[in-house]
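[1] The following comprises the amino acid sequence and a computationally predicted model.
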Amino acid sequence: MTNVGMLIRQERERRGLSQEQLARILHIDRSTISRIETNTQVATHDLLEEIVEALRSPKLRLEILGGAIPCMYLNNLDYHPLAIQQTAIKELKEAVQELESLNLLNKLRPDDLTEREKDKMLNETMANLQDANACIDLVLMTLSEQYDISLAELEKISKKRMIEKGYMVEAAS
């Protein structure tokens with residue numbers, strides 16, 4: 001797990017906010033922000049969610065909530081592994097197709113997108129990606145449960161692979 005306090009400080013600074021400014025947004029004391037950032041105080045889950053929202057930080061959201069959007073429990077599906085597999089494949093194909101159609105050429109900042117492009121990105125591209133993400137989570141949970149496979153072991157394997165591929169660097173111990 002990442003040092004959440006350090007990540008909060010980095011994301012606060014990235015947004016150009018002082019501890020005092022963030023504290024005002026959250027209606028708490030500046031000293032509370034300081035203690036959270038130095039890991040001398042553990043923030044409640046509710047406060048962490050408020051910090052994520054105030055800083056509009058995908059990195060914090062991923063670290064604190066475990067994903068861009070918390071896993072949804074899809075309760076109207078056949079949970080047989082084959083049925084879950086087929087649903088995930090369908091959703092992945094739709095997401096890949098939508099992602100391939102996304103034109104990000106010369107689109108570096110929010111102002112570079114028209115309102116129509118922003119709307120399409122949210123309601124089509126990102127929504128399809130989230131649908132696929134929910135199905136992937138469900139596949140992982142179903143396969144893990146059905147075949148007694150450790151998700152903790154999978155996490156270790158995945159981290160090792162991401163380091164080997166150069167997508168992340170190993171954290172210092």
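    It's in.
[2] what domains does the record give for the chain?
    4-65, 81-164 (automatic domain parsing).
[3] Out of those, which gets nearest to L74?
    With C-beta to C-beta as the criterion, L74 lies closest to domain 81-164 of the domains of the chain, at 5.5 Å. (Glycine included, C-beta is placed from N, CA and C.)
[4] which residues touch T142?
    Y79, P81, I84 (C-beta atoms under 8 Å, 6 or more residues apart in numbering).
[5] can you tell me the helix or strand for it?
    helix 127-147 (DSSP states H and E).
[6] got the phi/psi numbers for N103?
    Here is the backbone geometry of N103 (degrees, to the nearest 10): phi -100, psi 110.
[7] and it, what pLDDT?
    Listed pLDDT for N103 reads 87.
[8] Against S158, how distant is it?
    30 Å (C-beta to C-beta, to the nearest Å).
[9] So which elements touch the helix or strand bottoming out on mean pLDDT in the chain?
    Taking mean pLDDT, DSSP states H and E as the measure, the chain has helix 58-65 as its least confident helix or strand, at a mean of 82. When contacts are defined as 3 or more C-beta pairs under 8 Å, 6 or more residues apart in numbering; DSSP states H and E, helix 58-65 packs onto helix 4-14, helix 45-55.
[10] mind listing what's buried in the last one?
    Judged by neighbour count using 16 or more other C-beta atoms under 10 Å, the buried positions of helix 45-55 are L48, E50, I51, V52, A54, L55.
[11] Equivalent analysis for the first one, please.
    For helix 4-14, the buried set under the neighbour-count rule, 16+ other C-beta under 10 Å, comprises V4, G5, L7, I8, R9, Q10, E11, R12.
[12] For the fifth one, give me its contacts.
    Counting by C-beta under 8 Å, 6+ apart, R9 makes contact with E37.
[13] Try it again at 10 Å.
    Shown in contact with R9 (C-beta atoms under 10 Å, 6 or more residues apart in numbering): N3, Q19, L22, I33, S34, I36, E37, T38.
[14] before we move on, the earlier item: make TSV from the helices and strands packed on helix 58-65 and add mean pLDDT and distance to D119 to it.
    Output for those, formatted as TSV (pLDDT from 0 to 100; distance: least, C-beta to C-beta, whole Å):
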stretch	mean pLDDT	distance to D119
helix 4-14	93	26
helix 45-55	92	22
